[in-house]
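S.K.: Build the 3D model from these lines:
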Amino acid sequence: MLLRSDQESNESKITVDATLEILKTFAVVEVKVKGKTTLESIFYGSYMADYTSCYLALLYGVNPSSTDYSTQILESTSASINALNG
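M.R.: Numbering: from 1, shown residues only. The predicted structure follows:
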């Protein structure tokens, strides 16, 4: 799922369009976020991403509240940032 907004900058549009082109062989769904303001769009996108994540986890028999991968990504990212900062 790729979230899009009418409020994207031109640079973001170019980047997202290029990403979509690269990922076109996968089942990527493009979703326009709703909202009259930036904050409304952020909350709508967050809600859609959370709902989709939970739904897919349940569909595939995975515990949607598990944070193992999130923890691994956070630890890996933190280690990389710490290494760069010395």
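S.K.: just how off-centre is the lengthiest helix in the chain within its chain?
M.R.: When the chain is parsed with DSSP state H, its longest helix is helix 38-59. For helix 38-59, the separation from the chain centroid amounts to 9 Å (computed by CA atoms, centre = their mean, to the nearest Å).
S.K.: Stretch 8-25 now?
M.R.: Per CA atoms, centre = their mean, the centroid offset for stretch 8-25 relative to its chain is 14 Å.
S.K.: What are the buried residues along that stretch?
M.R.: Residues 8, 16 are the ones in stretch 8-25 that count as buried (16 or more other CB atoms under 10 Å). Using the backbone N, CA and C atoms, a C-beta is placed for each residue, glycine as well.
S.K.: what's the model's confidence in it, averaged?
M.R.: In this model, stretch 8-25 has a mean pLDDT of 89.
S.K.: repeat for stretch 69-78
M.R.: Predicted confidence along stretch 69-78 averages 80 (mean pLDDT).
S.K.: got a list of contacts for the longest helix of the chain?
M.R.: Contacts to helix 38-59, defined as CB atoms under 8 Å, 6 or more residues apart in numbering, come from residues 1, 3, 5, 7, 31, 33, 34, 35, 63, 64, 66.
S.K.: again, 7 Å this time
M.R.: With CB atoms under 7 Å, 6 or more residues apart in numbering as the contact definition, helix 38-59 has outside contacts at 1, 3, 5, 7, 31, 33, 34, 35, 63, 64.
S.K.: Can you report how many residues neighbour the first one?
M.R.: In terms of burial, residue 1 registers 13 neighbours under the definition other CB atoms under 10 Å.
S.K.: looking at it, it is touching residue 29, isn't it?
M.R.: Yes. Checked against CB atoms under 7 Å, the pair residue 1 and residue 29 is within contact range at 5.1 Å.
S.K.: And the contacts of helix 38-59, which of them are buried?
M.R.: Those of these that meet the buried threshold are 3, 5, 33, by 16+ other CB under 10 Å.
S.K.: ok, of those, which one's closest to residue 12?
M.R.: residue 5 (8.4 Å; CB to CB).
S.K.: show me the contacts for that closest one.
M.R.: Contacts for residue 5 (CB under 7 Å, 6+ apart) come out as 33, 41.
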